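Q: My questions are about this predicted structure, shown below with the sequence.
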Amino acid sequence: MERINKPDLSVARKRSKSEVDTINYHKNQSIKNLGVGKKYLIQTHGCQANEADTEVIQGLLEEQGFVKTKIIEEADLVLINTCAIRENAENKVFGELGRLKSFKKINPNMIIVVSGCMPQEEEVVERIMKKYKHVDLIFGTHNINRFIEYLDYVMKERKPLIEVYSKEGDIVEDLPQLRENRFKAWVNIMFGCDEFCTYCIVPYTRGKERSRRKEYIIKEVENLIKRGYKEITLLGQNVNSYGLDFTDEVYQFSDLLEDLGKLPIERIRFTTSHPKDFNDKVIDCIAKYPNIMPYIHLPVQSGSDSVLKKMNRKYTKAQYLDLVDRIYAKVPNVSLTTDIIVGFPTETKEDFEETLDLVKKAKFEGAYTFIYSPRKGTPAAKYENDVTPEEAKRRLYILNDLVNEGYLRGNKRFEGKTVKVLVEGYSKTNKDVLSGYTENNKLVNFNGPDSLIGKIVEVKVVKSKTWSLDGEIVKKEAE
Ligand code: 5AD
Ligand code: SF4
């Protein structure tokens with residue numbers, strides 16, 4: 001019998017009051033060496049949460065003896081870790097699944113796995129079952145810890161398996177992880193989202209908001225420091241509400257920043273922030289600790305009060321700009337970036353003008369901009385979508401021109417200055433040039449020996465462009 005446990009959005013929508021438990025991962029000792037002599041390939045779509053999940057999936061696979069490959073023809077297992085945030089993200093995945101069909105014809109033993117946010121949607125699972133019968137295993141975001149058990153079943157029984165939980169499970173600690181980067185690490189501090197912005201599918205695909213206990217986070221960061229990591233990025237859909245779900249202790253995001261800021265880690269970043277929960281204590285921490293980076297991604301989504309209200313963002317344009325002013329006052333050197341959606345239902349030209357005005361006033365140094373994409377099951381999907389696609393595109397182009405001015409302005413202010421760069425490796429476009437990011441998260445290219453890779457070095461900025469800076473090395477090592 002095929003094992004099928006499909007998702008249910010109405011269950012995913014529910015929020016229980018009970019606190020989630022923390023459990024420790026224990027390897028199922030009866031499943032061993034599933035991957036000896038076999039290769040895997042993972043394609044990761046979407047946000048950092050998915051990238052962090054992929055690192056766990058890799059860890060689980062390598063524990064079974066699988067070895068990574070980038071060549072699809074030699075892969076015994078292909079896993080697509082999917083994103084559901086907009087329709088075009090999903091279309092990319094369906095395109096990939098179509099492409100995989102021909103590879104499976106050549107290699108019928110190839111195991112194809114779909115994980116991540118898309119399996120949490122009922123319609124997606126139906127569509128895969130109907131049209132992409134070459135998929136062997138589908139599981140969602142709440143049961144990654146059971147991936148190897150599922151794989152064992154699929155490999156032994158030679159039958160497809162669908163296991164998607166709609167209600168989130170416990171927080172699972174001590175899962176194996178194989179990190180992509182040797183110097184920068186993602187550190188989950190919480191999972192899920194309880195905001196229910198009306199356009200957004202994330203509260204349904206990632207479940208109830210639940211924070212990791214500080215002991216586990218601090219232990220993870222201490223281990224990363226021991227292993228030579230230079231930078232951590234704290235991850236959550238709304239990091240500013242970290243800890244608000246604890247019923248037995250008062251320990252919030254600013255408390256966590258205080259504790260981590262004291263550790264000997266060179267760089268701390270965090271994403272994503274929600275303006276409504278971003279308080280002065282957090283601003284004070286950024287100002288106080290030199291290892292908390294002067295870079296904040298602060299999604300605004302729109303500058304119009306009426307659109308913000310319909311989006312359920314719980315702040316006004318004035319409140320957002322007031323927060324931005326308070327940040328600039330205490331952290332004058334900060335770089336702010338944002339996310340903006342255009343063409344949300346009912347957005348008028350005047351509403352859009354408000355967004356442009358906010359972008360100018362907030363002095364963003366970058367932004368991810370999107371055309372609104374209706375997501376089935378979200379409240380906004382029921383709103384009449386009265387902005388034509390042409391008009392939405394027109395607004396996007398106008399907005400992007402303004403945003404690009406911000407990128408250039410943000411880079412220009414470093415011209416002639418000396419900045420600290422964490423050297424990541426060679427530039428993507430020129431293999432003779434090193435590249436890395438500054439404290440303000442600006443990309444810098446410069447000439448230097450490869451012995452600098454993984455170090456923080458001082459670089460003088462000689463030229464600024466829209467997307468990057470050119471620099472010259474000042475001293476070999478800053479620290
Ligand atoms: N349509 C367009 N953009 C969206 N985002 C989230 N949901 C949607 C949607 N339905 C954008 C928001 C969010 C970012 C991660 O993606 O701007 O901050
Ligand atoms: Fe989506 Fe809003 Fe949660 Fe961000 S805060 S993940 S936009 S619901």
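A: On my side now, so go ahead. Computed from a prediction, not measured in an experiment: that's the story for all the values here. Ligands and ions are numbered 1, 2, ... in the order given.
Q: which residues of the protein score low on pLDDT?
A: The chain contains residues with pLDDT under 70 at 1-2, 475-479.
Q: Please list the residues of it that sit near ligand 1.
A: By the rule C-beta under 6 Å from any ligand atom, the part of the chain lying against ligand 1 is Ile85, Arg86, Tyr199, Cys200, Pro299, Gln301, Asp339, Ile341, Phe370, Tyr372, Ser373, Arg375. All C-beta spots, glycine's among them, are computed from the backbone N, C-alpha and C.
Q: tell me the contacts of the closest residue to the third one other than its chain neighbours?
A: The one in question is Tyr199. Among residues not flanking Tyr199 along the chain, Ala380 sits closest, at 4.5 Å (C-beta to C-beta, 6 or more residues apart in numbering). With contacts defined as C-beta atoms under 8 Å, 6 or more residues apart in numbering, Ala380 is in contact with Thr198, Tyr199, Lys310, Met311, Phe344, Pro345, Tyr372, Pro374.
Q: Can you add neighbour count and secondary structure and give the residues of the chain next to ligand 1 back as TSV?
A: Output for these, formatted as TSV (neighbours: other C-beta atoms under 10 Å; DSSP: H, G, I helix; E, B strand; the rest coil):
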residue	neighbour count	secondary structure
Ile85	19	coil
Arg86	19	coil
Tyr199	24	coil
Cys200	21	coil
Pro299	19	coil
Gln301	24	strand
Asp339	14	strand
Ile341	26	strand
Phe370	20	strand
Tyr372	22	coil
Ser373	19	coil
Arg375	22	coil
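Q: of the residues you listed, list those near ligand 2.
A: Residues of these in contact with ligand 2 (C-beta under 6 Å from any ligand atom): Cys200.
Q: Out of the residues of the chain next to ligand 1, which comes closest to Gln177?
A: Nearest to Gln177 among the residues of the chain next to ligand 1, counting by C-beta to C-beta, is Ile85 at 23.7 Å.
Q: Hmm, Cys47 and that closest one touching each other?
A: Yes: the pair Ile85 / Cys47 is scored as a contact, 7.4 Å apart, by C-beta atoms under 8 Å.
Q: quick one: contacts for Val113?
A: Per C-beta under 8 Å, 6+ apart, neighbours of Val113: Leu77, Val78, Leu79, Ile80, Val135, Asp136, Leu137, Ile138, Phe139, Leu151.
Q: ok, the nearest residue to Tyr295 once chain neighbours are set aside - contacts?
A: By the measure of C-beta to C-beta, 6+ apart, the closest residue to Tyr295 outside its immediate chain neighbours is Asn441, 4.3 Å from it. The contact partners of Asn441, taken as C-beta under 8 Å, 6+ apart, are Arg269, Met293, Tyr295, Ser335, Thr337.
Q: Any idea how many residues pack against the closest residue to the fourth one other than its chain neighbours?
A: Looking back up the chat, that one is Ser335. Residue nearest to Ser335 in three dimensions, not counting chain neighbours: Asn440, with 4.1 Å by C-beta to C-beta, 6+ apart. By other C-beta atoms under 10 Å, 19 other residues sit near Asn440.
Q: sorry, back to before: in helices only, show me the contacts of Asn441.
A: Using DSSP state H, no member of the contacts of Asn441 falls within helices.
Q: so of these, which ones are in strands?
A: Using DSSP state E, Arg269, Tyr295, Ser335, Thr337 are the members of the contacts of Asn441 that sit in strands.
Q: Quick check: of the residues you listed, which lies closest to ligand 2?
A: Nearest to ligand 2 among these, counting by C-beta to the nearest ligand atom, is Thr337 at 14.8 Å.
Q: Roughly how far does the nearest residue to Pro7 once chain neighbours are set aside sit from Glu195?
A: The shortest distance from Pro7 to any non-neighbouring residue, by C-beta to C-beta, 6+ apart, is to Val164 (4.3 Å). With distances taken as C-beta to C-beta, to the nearest Å, Val164 is found 22 Å from Glu195.
Q: who's more crowded, those two?
A: More neighbours surround Val164 than the other of Val164 and Glu195, with 24 against 19 (other C-beta under 10 Å).
Q: which residues sit in contact with that one?
A: Asn5, Lys6, Pro7, Pro119, Gln120, Val125, Ile138, Phe139, Gly140, His142, Asn143.
Q: I'd like those as TSV, with secondary structure and neighbour count appended.
A: Shown next, in TSV, are the contacts of Val164 (DSSP: H, G, I helix; E, B strand; the rest coil; neighbours: other C-beta atoms under 10 Å):
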residue	secondary structure	neighbour count
Asn5	strand	16
Lys6	coil	14
Pro7	coil	23
Pro119	helix	25
Gln120	helix	28
Val125	helix	22
Ile138	strand	28
Phe139	strand	25
Gly140	coil	28
His142	coil	24
Asn143	coil	18
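Q: all helices in the stretch 201-350 of the chain, in order from the N-terminus.
A: Taking DSSP state H, counting those that start in this stretch, the helices of the stretch 201-350 of the chain run over residues 202-205, 214-226, 253-261, 280-288, 305-310, 317-330, 349-362.
Q: Can you check which of those helices gets nearest to ligand 2?
A: Here helix 202-205 is closest among the helices of the stretch 201-350 of the chain (C-beta to the nearest ligand atom), at 3.6 Å.
Q: which residues touch the closest one?
A: Applying C-beta under 8 Å, 6+ apart, the external contacts of helix 202-205 come out as 9, 12-13, 84-85, 117-118, 120-121, 140-141, 192-196, 237, 377-378.
Q: among those, which are in strands?
A: Among the contacts of helix 202-205, no residue falls in strands (DSSP E).
Q: Just the buried ones out of the residues you listed, please.
A: 9, 12, 84-85, 117-118, 120-121, 140-141, 192-193, 195, 237, 377-378 (16 or more other C-beta atoms under 10 Å).
Q: which one of those sits closest to ligand 1?
A: Using C-beta to the nearest ligand atom, the shortest approach to ligand 1 within the buried ones among the contacts of helix 202-205 belongs to Ile85, at 5.0 Å.
Q: quick one: contacts for that closest one?
A: Gly46, Cys47, Cys117, Cys200, Ile201, Val202, Ser373, Arg375.
Q: So which of these is the closest to Leu263?
A: Using C-beta to C-beta, those come closest to Leu263 at Cys47, 25.5 Å.
Q: Next, give phi and psi for that closest one.
A: Dihedral angles of Cys47 (phi, psi; degrees, to the nearest 10) stand at phi -90, psi -180.
Q: Show me which positions of stretch 63-73 end up buried.
A: Glu63, Gln64, Phe66, Thr69.
Q: picking up where we left off before, now rank the contacts of Val113 by neighbours and give me the top one.
A: Ile138 (28 neighbours).
Q: For it, give the beta-bridge partners.
A: Per DSSP bridges, the residues bridged to Ile138 are Val114, Ile162.
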